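Novice: Here is my input, please return the structure:
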Amino acid sequence: MKTLLAIMMAFFMGLLSAQVEVNYSYEMKYGKGKQVEFSGPNDIDQLVKDYGYIENILEINTTFSNGVYLFTQLEYSDPPVLGESFQGLNRFYIDYYWNRLYIKAGDIYSLHGRGLSLNLLQDQSIDYDNSVRGIEARYNVHDNFSLFTILGQSKYQYRSDPVERLKDLSLDSKLDFFGFEYDNDIIGTISSSLLLNDITSDNIIDYNLTEYDFSWNGEVKNLDLFIEYVISKTSREESSDGKKFYGMIYTDIFDFGITYEYKDYLLNHNYQVISANPPIVFRESNSPLLSSNTHIINWNDEIGHQIEINKKFSDHFIIQTN
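Specialist: Presented below is the predicted three-dimensional model:
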């Protein structure tokens, strides 16, 4: 215990003695008005209530001359646009590069491949955060071969009804993630990982998720290729298997950029806590004329194709078609 205390004191003394560069990012949202709630069983009885929010988010990025980086997110929201009122330190992490080792501790946000197996992110606009609190490490064994891991846990909160302002459901998530990456000028970049995610909750059946992720990225003449395949296994009352596949081909023909994407998702579970927003592989339209035809993605069972063609004539004139 004394040794650990001495190491921590030496570490923070080193931070204090180092030169510091600090960057700030501040965002405020404010609004008030009226909202309509339906209180009857047939959505006939309406109740008009006052609605308002004031949300303040301050992010402080601190870089020390000895290579240490500290991120802190302070929030004062009473109430926020979505979620519960909060005042204080919301998220933080500290990371450091040392020789061949990279290590991060705190709230971990990370992306592996295209996010089929692991995508930890925060989106304040929809009150979404699936990060884990723990450590992330990467060790470069050689210049072209590295090992990586993420170990952490979190309480993931979500809504039984998306229109509600507050989250009413939660589950405990424990993550163990291990993998390697190999890069070669001839065969491209190969990556493989193992993900273990234990889920416990009062309102769902506890289960264990195991996923094996394989990805490859390379070039063949003027083609850029990417493939990611995930074998997904869950253990609840009985075991069930699933898969996730995503492929992408890009080429340039007469200055026309052509991208083809393909996906095939087939899962037997509904709680993708660690993977957020894998490739959707369809064109999202923002036209108000198509608002009634919004595509509802079925992450558990869906096949998709998309071809995108881009042509740039100048910095201000670009043609895009899907």
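
Novice: On the three-state scheme, residue 205 is what?
Specialist: coil (DSSP: H, G, I helix; E, B strand; the rest coil).

Novice: how many neighbours does it have?
Specialist: By other C-beta atoms under 10 Å, 9 other residues sit near residue 205. Backbone N, C-alpha and C define where each C-beta goes, glycine included.

Novice: cool, and residue 166?
Specialist: By other C-beta under 10 Å, neighbour count at residue 166 equals 12.

Novice: I'd say it and residue 83 touch.
Specialist: Yes - between residue 166 and residue 83 there is a contact at 6.7 Å, judged by C-beta atoms under 8 Å.

Novice: mind listing the strands in the stretch 101-250 of the chain by residue range?
Specialist: Applying DSSP state E, counting those that start in this stretch to the stretch 101-250 of the chain gives strands spanning 101-108, 111-112, 118-119, 122-123, 128-129, 132-142, 145-158, 169-184, 188-200, 207-220, 223-235, 239-253.

Novice: Need the contact partners of the fourth one.
Specialist: By that I understand strand 122-123. Strand 122-123 is contacted from outside by 91, 109, 128-129, 131, using C-beta atoms under 8 Å, 6 or more residues apart in numbering.

Novice: go on, the last one?
Specialist: Residues lying outside strand 239-253 but in contact with it, judged by C-beta under 8 Å, 6+ apart, are 114, 116-117, 222-234, 257-269, 278-279, 281, 300.

Novice: chain center to it: distance?
Specialist: 18 Å (C-alpha atoms, centre = their mean, to the nearest Å).

Novice: and whichever helix or strand comes after that strand, which residues are buried?
Specialist: Once the chain leaves strand 239-253, the next helix or strand it forms, by DSSP states H and E, is strand 256-266. Judged by neighbour count (16 or more other C-beta atoms under 10 Å), strand 256-266 contains these buried residues: 261-263, 265.

Novice: Report all helices and strands that the helix or strand just after strand 256-266 contacts.
Specialist: Tracing the chain past strand 256-266, the next element assigned as helix or strand by DSSP H and E is strand 301-314. Helices and strands touching strand 301-314, by 3 or more C-beta pairs under 8 Å, 6 or more residues apart in numbering; DSSP states H and E, are strand 256-266, strand 317-321.

Novice: rank these by mean pLDDT and give me the bottom one.
Specialist: Mean pLDDT per stretch puts strand 317-321 lowest among these, at a mean of 57.

Novice: returning to what we had before: okay if I get the buried residues of strand 256-266 as a markdown table plus distance to residue 147?
Specialist: A markdown table is the format used below for those (distance: C-beta to C-beta, whole Å):
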| residue | distance to residue 147 |
| --- | --- |
| 261 | 30 |
| 262 | 30 |
| 263 | 29 |
| 265 | 28 |
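
Novice: quick one: low-confidence parts of the stretch 151-300 of the chain?
Specialist: 236-239, 269-271, 283-299 (pLDDT under 70).

Novice: about what we covered before: among the contacts of strand 122-123, which two are most distant?
Specialist: 91 and 128 (12.8 Å; C-beta to C-beta).

Novice: Model confidence score at the closest residue to residue 21 other than its chain neighbours, please.
Specialist: Once flanking residues are discounted, residue 21 sits nearest to residue 63: 4.6 Å by C-beta to C-beta, 6 or more residues apart in numbering. pLDDT for residue 63: 90.

Novice: can you offset everything so residue one is 54?
Specialist: Right, with 54 as the first residue, what we last looked at is residue 116.

Novice: What is the burial count for residue 116?
Specialist: 16.

Novice: how close does it get to residue 147?
Specialist: 11 Å (C-beta to C-beta, to the nearest Å).

Novice: what does residue 314 give?
Specialist: 37 Å.

Novice: ok, residue 89 touching residue 104?
Specialist: No - judged on C-beta under 8 Å, residue 89 makes no contact with residue 104 at a distance of 9.4 Å.

Novice: ok, the two, which is more surrounded?
Specialist: More crowded of residue 89 and residue 104, by other C-beta under 10 Å: residue 104, with 14 against 9.

Novice: May I ask which helix or strand encompasses that one?
Specialist: strand 99-117.

Novice: which of the residues in that strand are buried?
Specialist: 106-110, 112, 115-117.

Novice: Relative to residue 129, which of these is nearest.
Specialist: residue 109 (4.5 Å).

Novice: Tell me who's in contact with the residue nearest to residue 211 when sequence neighbours are not counted.
Specialist: In this structure, residue 211 finds its nearest non-sequential neighbour in residue 222, 5.4 Å apart by C-beta to C-beta, 6+ apart. By C-beta under 8 Å, 6+ apart, the contact set of residue 222 is 210-213, 254, 256.

Novice: doesn't residue 102 make contact with residue 88?
Specialist: Yes - in this structure residue 88 lies within contact range of residue 102 using C-beta under 8 Å: 5.7 Å.

Novice: count of residues packed around the closest residue to residue 185 other than its chain neighbours?
Specialist: Of all residues not flanking residue 185 in the chain, residue 205 sits nearest, at 3.2 Å (C-beta to C-beta, 6+ apart). Neighbourhood size, residue 205 [other C-beta under 10 Å]: 20.
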